[in-house]
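1. the sequence and its predicted three-dimensional model are supplied below.
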Amino acid sequence: MSTTTPTAIPTRTQVAIIGAGPAGLLLGQLLYKAGIDAVIIERQSGDYVLGRIRAGVIEQTTADALDAAGVGSRMHSEGLPHDGVELCVDGQRHRIDLAALTGGKHVTVYGQTEVTRDLMEARATEGLLTVYEAQGVSVHDFAGTQPRVRFTHGSVAREIACDYIAGCDGFHGVCRASVPAGALRTFEKVYPFGWLGLLADVPPVSDELIYVRSPRGFALCSMRSKTRSRYYLQCSLDHKVEQWSDAAFWEELRLRLDPQACDELVTGPSIEKSIAPLRSFVTEPMRFGSLFLAGDAAHIVPPTGAKGLNLAAADVTYLAAALADHYNGHDDEGLSRYSERALARVWKAERFSWWFTSLMHRFPDNAGFGERMQEAELAYLFGSQAAQAALAENYVGLPMVLH
Ligand code: FAS
Ligand code: PHB
């Protein structure tokens, strides 16, 4: 898919972006549109990045950012606008009318893989450099005056000096790990279960997403198109994906779905199957000198609220605007307030993702009082327009405060 022309690797750039996931690629496009020079350094190959199956729901603010980056056209033509989601609790479906409850807002179902593909293709078309398969990436002097990035590519040692480093290298990246321990504070909650995801070329079981709370555990019926479905099952952290045959997955899914969904369910061979652990994680602050963290490098949410990709897009929207103000307007308020602005949004999304995860999943140590609290919260939700409006406005995404 994407390769690197070794001779094109410069010794200096304005912004060195570490990581070519959605955060890094979107930042690269937004900086390009602002006339700011950036190089993306990615440790995997382009095909490997494209092979990761992840998010599926795009908020309006993310759609706006993709449009601003010049890559929104396929999302608009192939993405599926969704005005509602369903919650199925103990076999009873309850529709949350997102559009009616938020004055007409909706989400777009469009896979992260396609977002990444669109961003990669735009970057290649514009001849912008992404160094794939960079090894041993390290970041230096971001607390000093000569920030730079080192790596080897094709066994040649490289160093790129820069003004700023954008750490878009995900939860397991090098950037956050390079910050002195005393300079950051992290907050973490690990959930006692994971999500087993399956992708298959079968029509979705419903026109909208169905979040399921059943006695056997959580399930999610999602999609990538009208012919490709994405399903998730809450599973034990002890499980390995090899333990789950396709037949076992479909059988367990049926046991968690309501009768109507069982009748509509079309099964077929999996294209992809994987288990993801669930955690809530935040790093404070998100800036260290000339190093800025964005996306999963700075925070993780349990995927229940469909916030991970959207938070990454919000972070880089803030960061690109701040860098544009610095280079073009000679105003550094955006840079100095980046962490404060990004974290204000991050913590609200963390709360919603934690709340929705806590509401819809079965917790091993939750029997008794905890389970009654879930049931009371659900009964209140289904009986209250105000509670449903609160869910809806968080699900479609809170507005961005840019200045
Ligand atoms: P990413 O992790 O996507 O990208 C980071 C990039 O940095 C990667 O390409 C990596 O190879 C690269 N990198 C890492 N270390 C490096 C180094 N040292 N040097 C150079 N490059 C380096 N979100 C949802 O909203 N819904 C979901 O259903 C959902 N499912 C998920 C399932 C899984 C298994 C995971 C891990 C995440 C899921 N997420 C989901 C969240 C996910 O979509 C992220 O929020 C999104 O990928 C964030 O994008 P980035 O911040 O770009 O991080
Ligand atoms: C997905 O389609 O992958 C998806 C959708 C909604 C979520 C999580 C994942 O909350």
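-> Good, I have the coordinates. Ligands and ions are numbered 1, 2, ... in the order given.

2. looking at this protein, which helix is longest?
-> In the chain, with assignment by DSSP state H, the single longest helix is helix 333-360.

3. tell me the mean pLDDT over that helix?
-> For helix 333-360, mean pLDDT is 98.

4. now do the same contact list for residue 364.
-> 192-193 (Cβ atoms under 8 Å, 6 or more residues apart in numbering). From N, CA and C alone the C-beta is placed, and that goes for glycine too.

5. residue 212 reaches residue 91, doesn't it?
-> No: using Cβ atoms under 8 Å as the test, residue 212 is too far from residue 91 to be in contact (9.3 Å).

6. anything in contact with each of those two?
-> The contact lists of residue 212 and residue 91 share residue 258, where a contact means Cβ under 8 Å, 6+ apart.

7. compare those two and say which is more crowded by neighbours.
-> residue 212 (26 against 15; other Cβ atoms under 10 Å).

8. grab the nearest non-local neighbour of the more buried one.
-> residue 219 (4.0 Å; Cβ to Cβ, 6 or more residues apart in numbering).

9. quick check: the one you found is in a strand.
-> Yes: looking at residue 219 with DSSP: H, G, I helix; E, B strand; the rest coil, it is inside a strand.

10. ok, residues contacting stretch 70-78?
-> Contact with stretch 70-78 is made by 29, 33, 58, 63, 66, 108, 110, 114-115, 118-119, 121-122, 225, as judged by Cβ under 8 Å, 6+ apart.

11. looking at these, which are in strands?
-> 58, 108 (DSSP state E).

12. buried subset of the contacts of stretch 70-78?
-> 29, 58, 63, 66, 108, 110, 114-115, 118-119, 122, 225 (16 or more other Cβ atoms under 10 Å).

13. in a markdown table, list these along with distance to residue 98.
-> A markdown table is the format used below for these (distance: Cβ to Cβ, whole Å):
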| residue | distance to residue 98 |
| --- | --- |
| 29 | 28 |
| 58 | 13 |
| 63 | 14 |
| 66 | 20 |
| 108 | 12 |
| 110 | 16 |
| 114 | 22 |
| 115 | 20 |
| 118 | 24 |
| 119 | 26 |
| 122 | 29 |
| 225 | 20 |
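
14. can you name the residue of the stretch 101-250 of the chain nearest ligand 1?
-> residue 170 (2.8 Å; Cβ to the nearest ligand atom).

15. tell me the contacts of that residue?
-> Residue 170 touches 19, 21, 295-297, counting by Cβ under 8 Å, 6+ apart.

16. can you tell me which of the residues you listed is nearest residue 279?
-> Nearest to residue 279, judged by Cβ to Cβ, of those is residue 296 at 10.7 Å.

17. re the thing from before, show me how far the longest helix of the chain is from its chain's centre.
-> 13 Å (Cα atoms, centre = their mean, to the nearest Å).

18. elements contacting the helix or strand harbouring residue 386?
-> Secondary structure from DSSP states H and E places residue 386 in helix 385-396. Counting contacts by 3 or more Cβ pairs under 8 Å, 6 or more residues apart in numbering; DSSP states H and E, helix 385-396 is packed against strand 92-97, helix 98-101, helix 333-360, helix 369-383.

19. how about the longest one: buried residues?
-> In other words, helix 333-360. Applying 16+ other Cβ under 10 Å to helix 333-360 flags 334-335, 338-339, 341-343, 345-346, 349-350, 352-360 as buried.

20. how about that helix, does it reach ligand 2?
-> No: Helix 333-360 is not in contact with ligand 2 by Cβ under 6 Å from any ligand atom; minimum separation 8.1 Å.

21. check whether that helix contacts ligand 1.
-> No: on the criterion Cβ under 6 Å from any ligand atom, helix 333-360 is out of touch with ligand 1, staying 9.0 Å away.

22. tell me the angle of that helix relative to helix 385-396?
-> 120 degrees (axes from the mean of the first three to the mean of the last three Cα atoms, to 10 degrees).

23. up against ligand 1, what does the stretch 201-350 of the chain have?
-> So the stretch 201-350 of the chain meets ligand 1 at 274, 276, 295-297, 303, 306-309, 312 (Cβ under 6 Å from any ligand atom).

24. which of the residues you listed fall within strands?
-> Short answer: those in strands (DSSP E) are 274, 276.

25. can you put the residues of the stretch 201-350 of the chain next to ligand 1 in CSV and add distance to ligand 2, pLDDT and neighbour count?
-> CSV is the format used below for those (distance: Cβ to the nearest ligand atom, whole Å; pLDDT from 0 to 100; neighbours: other Cβ atoms under 10 Å):
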residue, distance to ligand 2, pLDDT, neighbour count
274, 11, 96, 15
276, 10, 95, 15
295, 16, 98, 29
296, 15, 98, 26
297, 20, 98, 29
303, 4, 98, 23
306, 3, 97, 25
307, 8, 98, 28
308, 8, 97, 23
309, 9, 98, 27
312, 14, 98, 28
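
26. so of the residues of the stretch 201-350 of the chain next to ligand 1, which ones are in helices?
-> 308-309, 312.

27. as JSON lines, these with distance to residue 175 would be great.
-> Below are these laid out as JSON lines (distance: Cβ to Cβ, whole Å):
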{"residue": "308", "distance to residue 175": "17"}
{"residue": "309", "distance to residue 175": "19"}
{"residue": "312", "distance to residue 175": "14"}
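
28. of all those residues, which comes closest to residue 233?
-> Using Cβ to Cβ, these come closest to residue 233 at residue 308, 18.7 Å.

29. so that closest one makes contact with residue 54?
-> Yes: using Cβ under 8 Å, residue 308 is in contact with residue 54, at 7.4 Å.
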